[in-house]
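A.B. asks: give me the fold of what follows.
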Amino acid sequence: MFLCATAVYAMAAPVGYRILGEVTEHPSFATLPVYIGILTCFSLVHIITLLWDPQLRQTPPRRRRIVAAWSTGYGSAAVLMIVFFLLAELHGPADPLRFNTAFADDPMVLLFLAVFLSTLTSGTLNTFRQCRRVKLEDPQLNHSLRAFALAMLGVFGYVVCNAPAIVLAALGNHTLDTVGVYGSTFGVIGTVIMCYGLSGSAVVAWVRERHDFRALQPLWDLVVAGVDQDLAYSKRAARSRRPIVNVTFHWHRRVIEISDGIRALRPWVSSAPVEAVYRLNDQRAAAGVGPWAPLATPRLEAAATAAALRDAARGLQKARRARGAHSSWGQLEPADAPVVPLPDEDTPAGQERHRLLRVAKALSHPIVVAALQECEGAPAGGAASAGVKESSQATVTAECVVDRPAGPVAQERQ
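C.D. replies: Predicted structure coming up:
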């Protein structure tokens with residue numbers, strides 16, 4: 001569609017209009033592809049809104065019939081315009097902005113313009129009605145529909161300005177010729193808004209994904225860079241912090257890397273920081289005062305997960321220091337121990353993005369810091385203090401450890 005709009009404006013520009021006229025030996029010939037291109041652009045927008053309609057999507061046969069009917073109508077209008085234009089007798093210099101009124105006295109041109117304006121009117125008003133009626137679940141697509149509706153009103157302004165000017169010009173009165181020229185301004189405004197509606201959602205999604213990519217950086221540093229950089233897609237990807245191209249690909253790669261890093265940390269996870277977060281939140285809710293407000297369930301689970309991951313990373317780093325291993329995770333083999341389930345780890349794949357973002361934002365939350373400080377004095381033992389197998393001896397104690405019973409996941413593992 002952008003290619004079509006670009007071609008229309010390239011042909012409608014004075015240079016493009018003149019070149020087409022010289023090539024075809026008909027000074028006004030560019031008007032035909034320009035007007036057909038205009039109809040093509042706005043008919044595509046109309047078809048898109050029909051395909052987006054959730055009610056029509058529930059009845060595919062009806063949707064196919066409606067789309068086929070409108071497509072046939074637009075195609076028939078283009079054929080009639082070609083026939084009438086080729087039958088017209090166009091002589092004299094060409095002025096692309098005044099074509100509608102300059103040749104309105106020719107019956108074939110008048111029929112050509114009648115088909116063009118009537119089809120444009122029908123298409124724009126029906127598209128406007130469709131955009132106002134349809135409600136989608138995706139807010140970005142709803143935003144695009146509102147932009148399309150506004151664009152259709154702008155294009156209809158072109159019809160409102162040109163229709164009376166053409167009628168008067170056909171009767172020999174050129175008083176409103178300038179009004180018809182101003183109508184092109186409405187067409188330009190409508191086209192710009194339409195292009196924004198088409199690209200706006202993509203641009204907003206691109207900006208949001210770049211923002212979310214940066215928001216995940218602290219969590220990536222904790223569970224990937226701080227655990228095993230071999231989990232990264234590549235060294236270049238590991239250094240990429242603000243991607244500009246292939247943002248969606250980098251974003252999905254980052255989510256996969258973080259998930260792998262969390263899985264690598266699982267043997268070092270203790271239930272102590274999780275319990276500490278829940279306990280501190282309950283105490284804060286009961287007291288009613290404090291440096292932070294009580295957290296709702298999604299944020300509370302994210303804070304508990306963040307505390308567990310920070311504590312597990314500290315345990316791993318302490319084990320490495322004790323062993324003298326500073327390279328990869330693979331050099332450490334934590335002792336066999338029950339696996340502690342992380343809060344909300346059974347999140348559906350479609351919601352994992354939001355879960356990881358909440359965890360990343362919670363890493364520096366005061367309740368997480370307080371929970372880790374509380375755990376520092378906990379007695380040693382349990383899986384979080386899992387040692388490194390080394391000649392059948394020497395276990396390394398993590399900074400936050402408690403004895404905990406084996407849960408369902410652990411029992412399954414055993």
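A.B. asks: so what touches stretch 96-116?
C.D. replies: 12, 14, 17, 28, 30-31, 34-35, 39, 77, 80-81, 84-85, 87-90, 92, 95, 162, 165-166, 169-170, 172, 174, 176-177, 180-181, 184 (CB atoms under 8 Å, 6 or more residues apart in numbering). (Each C-beta comes from the backbone N, C-alpha and C, glycine too.)
A.B. asks: what are the buried residues along it?
C.D. replies: Under the neighbour-count criterion of 16 or more other CB atoms under 10 Å, stretch 96-116 has 96-104, 106, 108-113, 115-116 buried.
A.B. asks: equivalent analysis for stretch 160-170, please.
C.D. replies: Those buried within stretch 160-170 under the rule 16+ other CB under 10 Å are 161, 162, 163, 165, 166, 168, 169, 170.
A.B. asks: low-confidence ranges, the chain, go.
C.D. replies: For the chain, residues meeting the criterion pLDDT under 70 lie at 1-2, 229, 233-242, 289-290, 324-338, 377-414.
A.B. asks: coming back round to it: which one of the buried residues of stretch 160-170 is nearest residue 307?
C.D. replies: Nearest to residue 307 among the buried residues of stretch 160-170: residue 161, at 64.9 Å, using CB to CB.
A.B. asks: can you put the buried residues of stretch 160-170 in CSV and add secondary structure?
C.D. replies: Shown next, in CSV, are the buried residues of stretch 160-170 (DSSP: H, G, I helix; E, B strand; the rest coil):
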residue, secondary structure
161, helix
162, helix
163, helix
165, helix
166, helix
168, helix
169, helix
170, helix
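A.B. asks: got those residues as a markdown table, with distance to residue 258 columns?
C.D. replies: Shown next, in a markdown table, are those (distance: CB to CB, whole Å):
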| residue | distance to residue 258 |
| --- | --- |
| 161 | 56 |
| 162 | 57 |
| 163 | 59 |
| 165 | 62 |
| 166 | 62 |
| 168 | 68 |
| 169 | 67 |
| 170 | 68 |
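A.B. asks: on that earlier part again, show me just the buried residues among the contacts of stretch 96-116.
C.D. replies: By 16+ other CB under 10 Å, the contacts of stretch 96-116 give 12, 17, 28, 30-31, 34-35, 39, 77, 80-81, 84-85, 88, 90, 162, 165-166, 169-170, 176-177, 180-181, 184 as buried.
A.B. asks: narrow those residues to those in helices?
C.D. replies: Counting by DSSP state H, those place 12, 17, 31, 34-35, 39, 77, 80-81, 84-85, 162, 165-166, 169-170, 177, 180-181, 184 in helices.
A.B. asks: domains in the protein, by residue range?
C.D. replies: Following automatic domain parsing, one finds the domains of the chain at 2-200, 267-413.
A.B. asks: helix or strand for the residue nearest to the spatial centre of the chain, which one?
C.D. replies: By CA atoms, centre = their mean, the chain has its centre lying nearest to residue 205, at 2.7 Å. Using DSSP states H and E, residue 205 falls within helix 177-215.
A.B. asks: equivalent analysis for residue 105, please.
C.D. replies: Judged by DSSP H and E, residue 105 forms part of no helix or strand.
A.B. asks: check residue 130 too.
C.D. replies: helix 107-133.
A.B. asks: over to residue 294?
C.D. replies: Short version, using DSSP H and E: residue 294 is in no helix or strand.
A.B. asks: what number of residues lie near the nearest residue to it once chain neighbours are set aside?
C.D. replies: In space, and not counting its chain neighbours, residue 294 is closest to residue 285: 4.0 Å by CB to CB, 6 or more residues apart in numbering. Residues near residue 285, counting by other CB atoms under 10 Å, number 12.
A.B. asks: kindly report the same for residue 79.
C.D. replies: By other CB under 10 Å, neighbour count at residue 79 equals 11.
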